[in-house]
Each structure stands twice: as C-alpha cells, then as structure tokens.
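Trainee: What follows is a predicted protein model with its sequence.
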Amino acid sequence: MTERSLRTVRHEKPIDILPEDSVHAIREATFRVLETTGVEVRSERLLKELEKAGAIADHDKGHARFTRETVEACLALVPDDLPLASREPGLDLHFDGKTGFLGVDGSAAEIVDLHTGNRRASLKSDLADITKIADALPQISYIWQPVASRDVPVPTEPMHNLEAQLPNTGKHIMLMTAVTGEQAHACSEMASVAMGGEQALKDRPIISAFQCSVSPLVYDGGPLEAAVAFAEHGVPSGFMVMPITGATSPITRAGTLVISNAEVIAGVVCQQLLAPGARTFYGSCATTMDLRSGAANCGGPEDLLYQMANAQLARSYGLRSIVGTFATGSKTSDWQGGAENGASAMASAIAGADMLSGAGLLYAARVFSAVQMLLDAEVFDLVAGAFDPMLCDAETLAVEVIEAVGPGNHFLDQDHTLEHMRELWMSDFFSRESWEDWEAGGKIEPKVKAQKKALEILETHQPYPMPDGAEDEIRKIVAAHEPAEA
C-alpha cells in the first residue's frame, strides 16, 4: 500500500483577533469566576477528591472553586506534546503551531441518506460508512463520531462506535461519546487490541477523547472520571465547551468568551488535580441563540469571532486548540452552506486553530451529510491552497521565462508552464466548465457530483487493514459490556 499523506492548512503567522488587553481581561475574569463562583461537580466522591488535591469545595452546593495559584499550577502540569497517532503509517497529527488539521464532527442524531437524500435516524452502519468515506479523503485528518448509533444500547454506544470505526479507517479517531470511566477503559482496551498491546497504545495513542461541560459552569461526574481513566491508558483527553450566547452564556460576546474559557480551564484543572500530567487540549464550539426561536444558531459572525478568539486564548495558555469550524445552519448543501462554511474555514485558518472540526454537518450540527462532508473537504482544500508556501527563487520568479516570451505573447508552450501546471488548484466538484458545456452536461450541481463520488468511495476504497484477529477480539470486548437483558 502506497503511503498517504494528509492535506493540511499552513498558518505561518496566525492572526490574533483580540487585542492583548482583551486577552488579559478575559483571563483575569476567568480567574475571578473560577475562584469566586467555581463550577458545579455532580459527583460527591470526585468533589471530595478535588478538595483533597487543592480545590475549595462547597459540599452543600456541590461546587468546586480554584484559586489563581491552583489554576496556574495545574496548567503548568500539562505536557507540551500532544501525540495523536494513527494506525496507518504517515498519517499522525504533528502539532507545530503552524499546521491546521480538519476533522469530522458531531454525533448527529440524524443523517441525510446517501441514496435517497431524505433525513432519517442515524445507525451504526452509517457511522461505518461515513468513516470509510472520510478515510479516503486526504483533507480529513482525524475522525470523530459524526453520527449517533441509535440502534445500539446507550451504555455501550461508545464501544459500538469504536467497533464500527476501527476497521474503516487507519486515521486518528477522536471519541466524543465515551463519558464514563467504564466506557473510557473499554474503548482504551479496544484501541490496545488494534495496536497490539497496552504499551503500544501508550506509545502511539491512536484514539483521543474529549469531555464536555454543561454550560454554564457544570461538569457531570462521568466525564471527569472518563478523563482520568483515559489518562491511565495514555490516551489524551481534552475539554470541549458549547455555550450558546444568550441562553447558556451571557448575551455579550465577551461574556460568552469568559464562560467558555472558564469551563475549559476548569476541566483542565480538575483533570490535573485528579491525574497530574495528563495530556489534554482546549476545545470550543461556542455559538449563539436564534432570537426568533431560541435554538442554536450556527453560522453567524459571532461564530467566526469565537473560533478565532478561542484559538488565540488556547495559544495564550500553551494548549492545542480544536474549534467548531464547519456546521452550517443550512438544511442542504446550498449557497448558504457554502458561504457560511467558506467564511468559517478561512476564519479558523487565519486564526491558527490546530484542529478544525465540523465537516459534514448541516442544520446547526443536528444532521450529518456525507455529501456535505465532501464539499466541506473541497472548501478546506481551497482555503488551504491560499496558505500553501510560495517560493520566491529563480525558478518560481520566472524572470528568464518572462524575458523569453516578451510582451504580447503567451506562456502556453513554455516548458516552465508544463513543469509547474499541476501546482494550480483544481476543483473536484465546483463548476469551472464553459456555460455551454455546463448546460450540455445537464447543469449538474456540486452536491450531485459529491454524492456520486461518495458512493464510488464506498464501493472501491480499502481502508488500512486491522491486525489478524483484532476485530473478533474487539467484538468480544463490546459484548462483555452489553447491559443485561431485563
């Protein structure tokens, strides 16, 4: 098998959207929130453990507060490296502060059926298919669980999800549904089988995870237990917050950034108090409330600001960032989806986000579409092309070629043109043919081309193979955790 590579976006000079005094103000406000308000920890056992480790506990309210000194000490414990490895050689994610990686997102409860185009409940088989399609796309570097497996028992869904994904991709898998200690241990065991042993997983963690807060300022016990369990297996586990401006965070942009920052940092502090030295990262998918309906309202200018600001805040703490990038509010792959996701991709790219998530989501992350995933990958590829390094040497400046052609002539017959022509960006799905050819071809829209490509991938793509016997052993682990029948 020929070694593949990932298509990434380079941001040599990330743009800081917030002035330095605003970053300072948000960080200072975060210290105040964590010390005076704190977070609710919905586990008395964990609250006691956090208190023993240095938190200030209010057992009547179930709150944990953290002094500035505790916060700073915990942040200093986070390792500098974040190894997100892949089973397939050549596809590891290497974070250097100058590279952005695209991933799928979501755990959406519904999917646009690839054959009929209709919306329906998502199944475990859908997760396997989407993972296989994503594996074939060089623009997709890591893979969440983009849809929920609604046909399996809830307690073992994370294990079913991983069972569906491991054989269908050699890329890094990021878990978003393993939110208890038991689930984290089981998923780590499954990944160990795929890697050939527990130490092999610690050396090269092919899975990572993140735990979500409940905005505003709440952590359930299960996710914190999962973060600790993953740390025992050497699996990085970050923290992802999803505040909604005006609903679960203040109506102001600055207030939302304080809430989201405080929740991430609180998660990191809890993790480091319970599992010092655990690898982690900073995640945010903040958005706004639709003032007409009260629902989440992805795709507005606030989203662009939050992407850029949270990438900058993560960088200020020395943490790697993952931000919600794609996730248009559109219900189909149309002009709105392209406009919102194009702006979003550019915002995350220039802000220097380490990981960009959300390819394939529609309807404000409620519905997943494989067609949209391919189109988002193309948008990402287009944006990434604008950031590709531009060499300025004798060959690329082409002064001798310009002199040879002279005024009023063309460059079509030059060897220099032939040698470099494939460096120009080429679209897979966007229309670039003549008007006449477009009409003669039936005026085919990009989403029709993307659907055809997705179906072709399902028929022909062969993911990186699993070790002999691994799938059977993984299946036994899942079965061992199935809930007893009533």
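Mentor: Happy to help now that I have it. Since this is a predicted model, take the numbers as computed values, not measurements.
Trainee: Now residue 267. Nearest residue, chain neighbours left out?
Mentor: Leaving aside its chain neighbours, residue 267 sits nearest to residue 239 (3.3 Å; criterion: Cβ to Cβ, 6 or more residues apart in numbering). For every residue, glycine as well, the C-beta is placed using N, CA and C.
Trainee: next one: phi and psi at residue 378?
Mentor: Dihedral pair for residue 378: phi -70, psi -40, per degrees, to the nearest 10.
Trainee: what sits against the residue nearest to residue 267?
Mentor: Residue 239 makes contact with 210-213, 227, 263-264, 267-268, 271, 280-283 under the criterion Cβ atoms under 8 Å, 6 or more residues apart in numbering.
Trainee: what would those look like in JSON lines with neighbour count?
Mentor: JSON lines is the format used below for the contacts of residue 239 (neighbours: other Cβ atoms under 10 Å):
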{"residue": "210", "neighbour count": "26"}
{"residue": "211", "neighbour count": "27"}
{"residue": "212", "neighbour count": "18"}
{"residue": "213", "neighbour count": "25"}
{"residue": "227", "neighbour count": "30"}
{"residue": "263", "neighbour count": "30"}
{"residue": "264", "neighbour count": "27"}
{"residue": "267", "neighbour count": "27"}
{"residue": "268", "neighbour count": "24"}
{"residue": "271", "neighbour count": "27"}
{"residue": "280", "neighbour count": "29"}
{"residue": "281", "neighbour count": "25"}
{"residue": "282", "neighbour count": "31"}
{"residue": "283", "neighbour count": "28"}
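Trainee: buried stuff in stretch 339-354?
Mentor: For stretch 339-354, the neighbour count (16 or more other Cβ atoms under 10 Å) marks 340-354 as buried.
Trainee: same question but for stretch 130-149, I mixed them up
Mentor: 130-137, 139-149.
Trainee: now, among the contacts of residue 239, which is nearest to residue 435?
Mentor: Nearest to residue 435 among the contacts of residue 239 is residue 283, at 44.5 Å by Cβ to Cβ.
Trainee: Residue 66 is in contact with residue 33, isn't it?
Mentor: No. Residue 66 is not in contact with residue 33 according to Cβ atoms under 8 Å; the separation is 9.8 Å.
Trainee: okay, the two: which has more neighbours?
Mentor: residue 66 (26 against 22; other Cβ atoms under 10 Å).
Trainee: Any idea how many residues pack against the residue lying closest to that one once chain neighbours are set aside?
Mentor: The shortest distance from residue 66 to any non-neighbouring residue, by Cβ to Cβ, 6+ apart, is to residue 34 (4.7 Å). By other Cβ under 10 Å, the residues close to residue 34 number 26.
Trainee: Now do residue 34, the pLDDT please.
Mentor: With respect to pLDDT, residue 34 has a value of 98.
Trainee: that's a helix at it, yeah?
Mentor: Yes. Residue 34: assigned to a helix according to DSSP: H, G, I helix; E, B strand; the rest coil.
Trainee: Now do it against residue 270, distance only.
Mentor: 11 Å (Cβ to Cβ, to the nearest Å).
Trainee: nearest to residue 87, of the buried residues of stretch 339-354?
Mentor: Looking across the buried residues of stretch 339-354 and measuring by Cβ to Cβ, the closest to residue 87 is residue 354, at 21.1 Å.
Trainee: In contact with that closest one, which residues?
Mentor: So residue 354 contacts 95, 97, 99-101, 281, 311, 314, 320-322 (Cβ under 8 Å, 6+ apart).
Trainee: could you redo those residues as CSV and give each row distance to residue 438, pLDDT and secondary structure?
Mentor: Converted to CSV, the contacts of residue 354 look like this (distance: Cβ to Cβ, whole Å; pLDDT from 0 to 100; DSSP: H, G, I helix; E, B strand; the rest coil):
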residue, distance to residue 438, pLDDT, secondary structure
95, 42, 97, coil
97, 42, 94, coil
99, 36, 98, strand
100, 33, 98, strand
101, 34, 98, strand
281, 44, 98, coil
311, 38, 98, helix
314, 43, 98, helix
320, 43, 98, coil
321, 40, 98, strand
322, 38, 98, strand
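Trainee: now, among the residues you listed, which is nearest to residue 107?
Mentor: residue 322 (14.8 Å).
Trainee: Count the residues that sit near the closest one.
Mentor: 31.
Trainee: Run through the strands of the stretch 1-150 of the chain in chain order.
Mentor: 9-10, 39-42, 56-58, 63-65, 99-104, 110-112, 119-121, 140-143 (DSSP state E, counting those that start in this stretch).
Trainee: deepest of these, which one?
Mentor: strand 99-104 (a mean of 27; mean count of other Cβ atoms under 10 Å).
Trainee: who does it touch, helix- and strand-wise?
Mentor: strand 9-10, strand 140-143, strand 355-359, helix 370-387 (3 or more Cβ pairs under 8 Å, 6 or more residues apart in numbering; DSSP states H and E).
Trainee: that older thread, residue 63 is in contact with the residue nearest to residue 66, correct?
Mentor: No. Counting by Cβ under 8 Å, residue 34 does not reach residue 63; the two are 10.8 Å apart.
Trainee: which residues touch stretch 196-211?
Mentor: Under Cβ under 8 Å, 6+ apart, the answer for stretch 196-211 is 83-87, 92, 162, 172-176, 178-179, 184, 187-188, 191-192, 194-195, 219, 223-224, 226-227, 230, 233-240, 267, 281, 283, 322, 467.
Trainee: Any idea how far apart the tips of that stretch sit?
Mentor: From its first residue to its last, stretch 196-211 covers 26 Å (Cα to Cα, to the nearest Å).
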